[in-house]
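A.B. asks: My questions concern the predicted model and sequence given below.
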Amino acid sequence: MSNIAGNSPTLAQSLWQGGDARLKFLLLAILGSLALWLSAKIQVAFYPVPITMQTFVVLVVGMAFGWRLGAATVLLYLAEGSLGLPVFAGTPERGIGLAYMVGPTGGYLLGFLFAAAVVGWLGQRGWDRHIGTTVAAMVLGTAIIYLPGLVWLGVAIGWDKPVLELGLWPFLPGDALKVALAALLLPSIWRLSRHR
């Protein structure tokens, strides 16, 4: 039974029980950062712009891991990028390291951290067990990614440019698909885990 008001086990805790907690935390953070890296590199043809599955992975990792491990996973991913590893979308072609992170997409990267923490907190309250609450959490997480992303994009390219046309509107159809996919995936995994 989900516990909307208080803490519930996360999906990761439910699926991987026992063992050393610190080792699990480290291994899951590393695996999550690798999933973020891979999701940034794979583009899916979509209208009106190709999409990556990166925001999907940020939000699913946050919900499945909980707020602490979800945020730590995104922090590890950002640290890898800041050290010059080509983990972000468009790297190394569009730059690497801190120079890339302070570019036009830097605000979205910061939004990843906040979104993973918030949806992770909601996941710890059982919001990933039902389609409706998963949709609500994913929409909130997506909005949290966009808020600093659009603000920083405006600062980076200038507010006289069409910021929403460049950084929001083209991506909404793909984000809607990712929210729907997460809303089907997470509650389904919970149902399957209860039957095993």
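C.D. replies: Sure, I can see it.
A.B. asks: counting contacts, what elements does the top helix by length along the chain pack onto?
C.D. replies: When the chain is parsed with DSSP state H, its longest helix is helix 131-157. With contacts defined as 3 or more Cβ pairs under 8 Å, 6 or more residues apart in numbering; DSSP states H and E, helix 131-157 has these neighbours: helix 54-65, helix 106-123, helix 163-167, helix 172-195. In this view, the C-beta of every residue, glycine as well, is placed from N, C-alpha and C.
A.B. asks: Just send these back as JSON lines, with mean neighbour count and distance to Leu153 too.
C.D. replies: Formatted as JSON lines, the helices and strands packed on helix 131-157 follow (neighbours: other Cβ atoms under 10 Å; distance: least, Cβ to Cβ, whole Å):
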{"stretch": "helix 54-65", "mean neighbour count": "28", "distance to Leu153": "15"}
{"stretch": "helix 106-123", "mean neighbour count": "25", "distance to Leu153": "6"}
{"stretch": "helix 163-167", "mean neighbour count": "16", "distance to Leu153": "4"}
{"stretch": "helix 172-195", "mean neighbour count": "16", "distance to Leu153": "15"}
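A.B. asks: Nearest the middle, which residue of the protein would you pick?
C.D. replies: The centre of the chain sits closest to Val58, judged by Cα atoms, centre = their mean, with a distance of 1.4 Å.
A.B. asks: ok now do that residue, which residues does it touch?
C.D. replies: Contact analysis of Val58 by Cβ atoms under 8 Å, 6 or more residues apart in numbering lists 36, 74, 112, 115-116, 141, 145.
A.B. asks: next one: the helix or strand of the chain with the lowest mean pLDDT to chain centre, how far?
C.D. replies: Using mean pLDDT, DSSP states H and E, strand 43-44 stands out as the lowest-scoring helix or strand of the chain, at a mean of 87. Counting by Cα atoms, centre = their mean, to the nearest Å, strand 43-44 is centred 16 Å from the centre of its parent chain.
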